[in-house]
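Engineer: Would you be able to build a 3D model of this:
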Amino acid sequence: MTRNSNTGVLTVGSAVPSLVRWGVSADADLVYRYLASFGPRPAGEVAADLGLAARRVRAALDELDGCGAAGTDGTRWRASPVGAAVNTLRRRALRPANAPARRADHPVVARRLPDRAATRRRIAELVAVERGEHLAMNPEQTFGAETLAIATPMDAELLRRRIRLRSLGRPPTDGDRSARRAEEFVRLGGEYREAPRLPYKLMIFDRRVALLAVDPLDLDSGTWEIDEPAVVAALVTLFVRHWSGATDPRRKGVPTVVLTPREKAVVALLAEGHTDATAAKCLGMSQRSVTYLLRGVMDRFGVENRFQLGLALGATHAITPPGDATTEETEQ
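Structural biologist: Residues are numbered from 1 along each chain as shown. Model prediction:
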């Protein structure tokens, strides 16, 4: 895989599969595919090439290091071989949340917060030190006024600090005024999806600490606070699995991105070294149309520049990952 200096688009050779389906965040997936394609690089160079904030790249590298998909010699970061990384992530995804791997030197420890008030105090403490990502799963169909009064400003503060905030909820009941919270949440910059059934009341802070309600139907019965890495990783995998199957209520679903024949033609020409102008001439289009078409493709993939688009397109042409025949196991 090489980068064309004129267009900024990648020529895709051996495709690197997306790791998102195994619980890796979008930023970490993008950084992994960059390292796997171009070899070891310092973190600053990765950030500059991808056009991502250094903070986001550092968080992504920490995540990849934590799940065994990348490592560093102190100056440069190196991706683990694709097959090894996929197999490691698959084993982690297949491990049920209630049966994590245990090590004799790091036993699973969960601290019980006795009631709703203690849980809220601990949430405030954890939110205050969050740096990168907040995940929330809410199985309730309605929220009381007191809950909304606490949650809404907390969400706004997280988003103001540019923390990625993903929230999973259930479709609201008819006439439920608290449904407006989701609209405001998205307006502020949060990511929100809905699913008809969600198993747990769950919050995960920077993939480091998880709060799991003892009884999702009775929050006064308390909460488990978990910081054992294997258990938190399993809960992240659980969240991502439900997130992947949930829908964006504004769009009536989350469709797979499919390129039209014209979009494929434009991307192919740019990858061959054409500029927007020469690609437009080859296809009988205006240069402006080519630029708008490419911008639309970037928006649909959720990427910020053409270099990122090349990496995203590499995942759409991915080879069959190791063990993919047992995909159904990871979705159960």
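Engineer: Who are the contact partners of His242?
Structural biologist: Applying C-beta atoms under 8 Å, 6 or more residues apart in numbering to His242 gives the contacts 137, 168, 195, 198-199. (Each C-beta comes from the backbone N, C-alpha and C, glycine too.)
Engineer: where's it, which helix or strand?
Structural biologist: Assigned by DSSP states H and E, His242 belongs to helix 229-245.
Engineer: List the buried residues of that helix.
Structural biologist: Buried residues in helix 229-245, defined by neighbour count with 16 or more other C-beta atoms under 10 Å: 229-243.
Engineer: what are the ranges of the helices in the chain?
Structural biologist: Under the criterion DSSP state H, the chain contains helices at 26-38, 43-50, 54-66, 82-94, 116-128, 145-160, 180-188, 229-245, 261-272, 276-283, 287-301, 306-316, 327-330.
Engineer: and among the ones you listed, the most buried is which?
Structural biologist: Highest mean neighbour count among these (mean count of other C-beta atoms under 10 Å): helix 26-38, with a mean of 24.
Engineer: could you check the angle helix 43-50 makes with that one?
Structural biologist: 100 degrees (axes from the mean of the first three to the mean of the last three C-alpha atoms, to 10 degrees).
Engineer: Show me what helix 26-38 is packed against.
Structural biologist: Packing contacts for helix 26-38, counted by 3 or more C-beta pairs under 8 Å, 6 or more residues apart in numbering; DSSP states H and E, involve helix 43-50, helix 54-66, strand 70-72, strand 77-79, helix 306-316.
Engineer: hmm, back to that, and the helix holding His242, what's its mean pLDDT?
Structural biologist: The pLDDT scores in helix 229-245 average 87.
Engineer: distance between that helix and the chain's centre?
Structural biologist: Helix 229-245 sits 11 Å away from the centroid of its parent chain (C-alpha atoms, centre = their mean, to the nearest Å).
Engineer: Lys201 - how many residues pack around it?
Structural biologist: Lys201 sits with 21 neighbouring residues when counted by other C-beta atoms under 10 Å.
Engineer: Would you list the phi and psi of it?
Structural biologist: Reported as degrees, to the nearest 10, the phi and psi values for Lys201 are phi -90, psi 110.
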